[in-house]
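K.L.:
take a look and give me a structure for this.
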Amino acid sequence: MSPRTREPPSVIGAACPVTEDAFADTNMFVRFFTGDDPAKQHAVAHHFTTLATGEGRLYVLPSTISEVVFVLRGGDYQYEHTQLARMLESMLELPLVIIDRPIVEHAVDLYRSLHKDWDDCLIAAYALDTTGGVILSFDYNLGRIPGITRIEP
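P.N.:
Here you go, the predicted structure:
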């Protein structure tokens with residue numbers, strides 16, 4: 001079957017809670033946190049409630065969290081740093097399987113308490129876990145995070 005004649009993929013509607021393992025996309029969190037579409041916000045909240053009962057697992061990549069911060073920080077939303085930090089903390093409380101969770105938790109701590117750039121906090125948390133805190137970068141702000149040694153090429 002050629003790509004032009006392929007049937008569209010099936011879609012599970014909002015009325016059907018997640019009962020199997022799946023990965024979460026950024027827009028799900030954007031709807032949940034902003035409430036800009038109340039029906040979708042309610043559907044996502046319903047999925048979280050279902051997940052809390054142990055029916056299925058919802059996986060979240062660190063790159064998805066980065067995109068959530070990027071979307072909510074700019075464009076139509078313009079959330080403040082403190083609001084974003086609270087949202088990230090609330091993500092950690094949801095019944096989610098966050099890939100590299102200890103590193104993400106450390107990045108959230110850095111973001112909440114020390115540094116206003118989420119991506120810097122995430123790379124710092126990975127570097128502290130993996131390279132003893134050594135980061136190759138021209139970004140002077142990375143070197144201000146405790147435990148980070150920034151080196152230039």
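K.L.:
going by C-alpha atoms from here, please, whenever you check contacts or count neighbours.
P.N.:
Will do.
K.L.:
OK, contacts around the residue nearest in space to the middle of the chain?
P.N.:
Centre of the chain computed as the mean C-alpha position; nearest residue by C-alpha atoms, centre = their mean is Ile65, 1.5 Å away. Residues near Ile65 by C-alpha atoms under 8 Å, 6 or more residues apart in numbering: Thr26.
K.L.:
quick one: secondary structure of it?
P.N.:
For Ile65, the assignment made with DSSP: H, G, I helix; E, B strand; the rest coil gives helix.
K.L.:
Asp109: neighbouring residues, count only.
P.N.:
Close neighbours of Asp109, defined as other C-alpha atoms under 10 Å, add up to 17.
K.L.:
ignore what I typed, I meant Phe70.
P.N.:
Neighbour tally, Phe70, other C-alpha under 10 Å: 17.
K.L.:
quick check, pLDDT for it.
P.N.:
At Phe70, the pLDDT value in this model is 97.
K.L.:
doesn't it fall inside a helix?
P.N.:
Yes. Under three-state DSSP, Phe70 sits within a helix.
K.L.:
quick check: the gap between it and Leu92.
P.N.:
According to C-alpha to C-alpha, to the nearest Å, Phe70 and Leu92 sit 18 Å apart.
K.L.:
repeat for Phe32
P.N.:
Counting by C-alpha to C-alpha, the gap from Phe32 to Leu92 is 14 Å.
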